[in-house]
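# generate a structure from the sequence data that follows.
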Amino acid sequence: MGYGVGNYPLWYYLIQPVIAGLVGYITNVLALEMTFRPIEFFGIELFRIKNQPWGLFGWQGIIPTKSEKMASICFDLMTTKLINLKEIFDRLDPQRFSEVMEDAVLLMLDSIVNEVALKYMPNVWTQLPKDVKDEIVVVMNIESETFLTTFMEEVKEHIDDILDIKQMTVAACVREKRLVNKIFQECGDKEFTFIRRSGFYFGFLFGLIQMGIFFVYDASWVLPFFGFLVGWATNWVALKVIFRPLNPIKIGCLTIHGIFLKRQAEVSETFARVNCVEILHTKAIWETILNGPRSKNFYAMLRAHSIVFTEKLVGGMKPIAITAMGSKQFSEMKEEIAQMIADKLPSVMPHSYQYTTEALDMETTIRERMQKLSYPEFEGVLHPAFEEDEILLILVGGILGLCAGAIQVVAMYS
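Residues are numbered from 1 along each chain as shown. As a prediction, this is how the structure comes out:
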């Protein structure tokens with residue numbers, strides 16, 4: 001027994017919402033996969049427009065393709081709304097920093113003084129009375145604390161001259177594209193789960209409409225057309241309900257609000273944790289200060305403090321040293337000590353990492369300030385991942401739905 005204008009079996013109508021639901025689910029899953037994967041371009045890159053995920057015979061995930069732009073957007077928010085570099089570094093206590101570094105710095109200085117003295121005045125140094133050497137150690141101990149304290153005071157004062165935190169974060173994300181993926185994936189984990197599941201729910205609902213129309217009008221274009229509509233609409237609706245409405249709307253006892261925006265407190269915690277563990281950690285900050293584009297300013301600052309420190313350190317040795325080697329070589333020795341201090345101090349910086357992390361406490365600052373952002377500002381955390389080529393993702397869903405509808409037509413008429 002047949003039903004509808006086409007006299008088809010009942011199961012043929014009933015299966016259409018299920019197929020539409022599966023199409024919606026698959027297109028949404030595929031859209032997410034295409035957003036994040038592959039990390040690098042996969043395929044034969046015969047032709048490709050710069051900063052576009054697609055090429056002739058290949059694809060690269062949208063976010064990895066635009067990792068630099070995505071990271072720049074993300075960290076513009078961070079540097080303008082969440083953290084002020086000078087305020088953060090003002091939390092460092094130079095005195096406490098000096099105490100943490102004391103043992104490592106003294107060992108370093110002892111090694112430098114011994115090496116340079118043996119080079120410039122080996123006989124005098126080896127025959128120097130113990131009490132004279134002990135006096136040098138005492139001076140070294142006293143002056144090293146002053147050296148580190150005053151140096152860190154200047155680091156705090158001029159942190160913007162020696163550290164470009166946006167350049168650091170963007171460079172890290174370009175170098176390791178997985179980092180941008182991780183930020184978006186962990187912050188939007190629940191939203192991505194919703195997108196996958198909603199594909200089936202919305203697809204099933206559209207499939208019911210398709211079934212009703214096909215029951216009374218069975219033209220061959222209906223199934224491909226609705227397949228395209230299901231693929232397009234499920235992606236579009238899923239993306240919209242995540243971020244809209246932007247502000248809560250109360251309808252009776254019901255409050256309608258974008259799914260992502262409802263989770264501001266939870267997402268803020270995840271965003272702060274991922275960024276401070278993966279990108280804004282103390283090791284990366286010091287490595288950027290030491291090797292980044294503004295490192296010349298840091299080393300100039302360090303050298304100036306090293307020269308002052310060396311003057312105080314070798315002052316007591318001056319009469320003996322000048323007698324042993326002459327004033328010219330004494331000046332050269334001072335210069336070499338100062339240079340070695342400037343060269344070797346960065347190697348002992350890891351001893352300060354734990355204290356620096358605790359003192360800066362960036363994770364808490366980012367989390368608390370992000371939780372206080374307005375909804376429009378907070379939306380900017382995750383929405384850039386979808387705004388870039390959003391129409392392309394929706395179109396992909398439509399094309400896949402069209403193909404599924406065409407397959408149904410072929411199966412029906414075969």
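# show the end-to-end separation of stretch 168-183, please.
16 Å (Cα to Cα, to the nearest Å).
# run through who's touching it.
Stretch 168-183 is contacted from outside by 36, 39-40, 61, 63-64, 67-68, 70-72, 74-75, 78, 271, 274-275, 278-280, 284-285, 288, 292, using Cβ atoms under 8 Å, 6 or more residues apart in numbering. Backbone N, C-alpha and C define where each C-beta goes, glycine included.
# same question for stretch 83-99.
79, 144-145, 148-153, 155-156, 159-160, 163, 165, 352, 355-356, 359-362, 365-366, 369.
# just stretch 228-246 next, same as before
Contacts of stretch 228-246 (Cβ under 8 Å, 6+ apart): 20, 23-24, 27-28, 31, 191, 194-195, 198-199, 202-203, 206-207, 210, 256-261, 375-376, 379, 383, 386, 390, 393-402, 404-405.
# if we can go back for a sec, in strands, which of the contacts of stretch 83-99 appear?
The members of the contacts of stretch 83-99 all map outside strands under DSSP state E.
# for these, which PyMOL command selects only the ones that are buried?
Those of these that count as buried under 16 or more other Cβ atoms under 10 Å are selected in PyMOL with:
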select buried, resi 144+145+148+149+151+152+155+156+159+163+165+352+355+356+359+360+362+365+366
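# among the contacts of stretch 83-99, name the ones in helices.
Judged by DSSP state H, those include 144-145, 148-153, 155-156, 159-160, 165, 355-356, 359-360, 362, 365-366, 369 as members of helices.
# how about the helices of the stretch 301-414 of the chain, start to end?
318-325, 327-344, 353-360, 362-371, 375-379, 384-387, 390-413 (DSSP state H, counting those that start in this stretch).
# buried by neighbour count: which residues of the second one qualify?
Under the neighbour-count criterion of 16+ other Cβ under 10 Å, helix 327-344 has F330, M333, K334, E336, I337, A338, Q339, M340, I341, A342 buried.
# and if you look at stretch 266-279?
Buried residues in stretch 266-279 (16+ other Cβ under 10 Å): V267, S268, E269, T270, F271, A272, V274, N275, C276, E278, I279.
# surely the third one touches R367?
The reference is to E269. Yes - the criterion here is Cβ atoms under 8 Å, and E269 meets it with R367 at 5.3 Å.
# and the strands in this structure, which stretches?
Going by DSSP E, the chain shows strands at 42-43, 54-55, 58-59, 249-251, 254-256.
# confidence-wise, which of these is weakest overall?
Looking at the strands of the chain, the lowest mean pLDDT belongs to strand 54-55 (a mean of 77).
# off-centre distance for it?
Centroid displacement of strand 54-55 relative to its chain, using Cα atoms, centre = their mean, to the nearest Å, is 25 Å.
# swap in stretch 2-20?
50 Å.
# what's the first-to-last distance across it?
Stretch 2-20: ends 22 Å apart by Cα to Cα.
# which residues sit against that stretch?
With contact meaning Cβ under 8 Å, 6+ apart, stretch 2-20 is reached by 1, 203-208, 210-211, 214-218, 223, 226-227, 230, 404, 408, 412.
# check stretch 40-52 too.
Identification of contacts with stretch 40-52 by Cβ under 8 Å, 6+ apart yields W54, G55, L56, F57, G58, W59, Q60, P64, T65, K66, K69, K177.
# start and end of it, how far apart?
By Cα to Cα, one end of stretch 40-52 lies 12 Å from the other end.
# name the residues of it that are buried.
F41, R48.
# can you count the residues close to L118?
If you count neighbours by other Cβ atoms under 10 Å, L118 ends up with 12.
# just to revisit the earlier point, and the helices of the stretch 301-414 of the chain: which comes nearest V113?
Smallest distance to V113 across the helices of the stretch 301-414 of the chain (Cβ to Cβ): 6.8 Å, for helix 327-344.
# mean confidence for that closest one?
82.
# same check on stretch 93-104?
Here the average pLDDT along stretch 93-104 is 90.
# now stretch 204-216
Per-residue scores along stretch 204-216 average to 85.
# got it, and stretch 356-366?
The model assigns stretch 356-366 a mean pLDDT of 92.
# over to stretch 4-23?
On average, stretch 4-23 scores 83.
# buried stuff in that stretch?
Of all the residues in stretch 4-23, those buried under the rule 16+ other Cβ under 10 Å are G4, Y12, Y13, Q16, P17, I19, A20, G21, L22, V23.
# got it, and stretch 117-135?
In stretch 117-135, counting by 16+ other Cβ under 10 Å, buried: A117, Y120, M121, W125, L128.
# mind checking which of these land in helices?
Going by DSSP H, the helices hold A117, Y120, W125 from the buried residues of stretch 117-135.
# got those as JSON lines, with pLDDT and distance to S111 columns?
Output for these, formatted as JSON lines (pLDDT from 0 to 100; distance: Cβ to Cβ, whole Å):
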{"residue": "A117", "pLDDT": "80", "distance to S111": "11"}
{"residue": "Y120", "pLDDT": "80", "distance to S111": "15"}
{"residue": "W125", "pLDDT": "74", "distance to S111": "14"}
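# adding distance to L46, write the residues you listed out as JSON lines.
Converted to JSON lines, these look like this (distance: Cβ to Cβ, whole Å):
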{"residue": "A117", "distance to L46": "66"}
{"residue": "Y120", "distance to L46": "65"}
{"residue": "W125", "distance to L46": "69"}
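# one step back: what's the most distant pair in the buried residues of stretch 4-23?
G4 and L22 (22.0 Å).
# residues near the residue nearest to E145 when sequence neighbours are not counted, how many?
Closest residue to E145 in three dimensions, ignoring its sequence neighbours and counting by Cβ to Cβ, 6 or more residues apart in numbering: S98, at 5.0 Å. For S98, the neighbour count with other Cβ under 10 Å is 20.
# same check on L223?
Counted with other Cβ under 10 Å, L223 comes out at 27.
# what is the least confident helix or strand in this structure?
helix 384-387 (a mean of 63; mean pLDDT, DSSP states H and E).
# what sits against the closest residue in space to F214 that isn't next to it in sequence?
Excluding the flanking residues, the one nearest F214 by Cβ to Cβ, 6+ apart is V222, at 5.4 Å. By Cβ under 8 Å, 6+ apart, V222 lies in contact with Q210, I213, F214.
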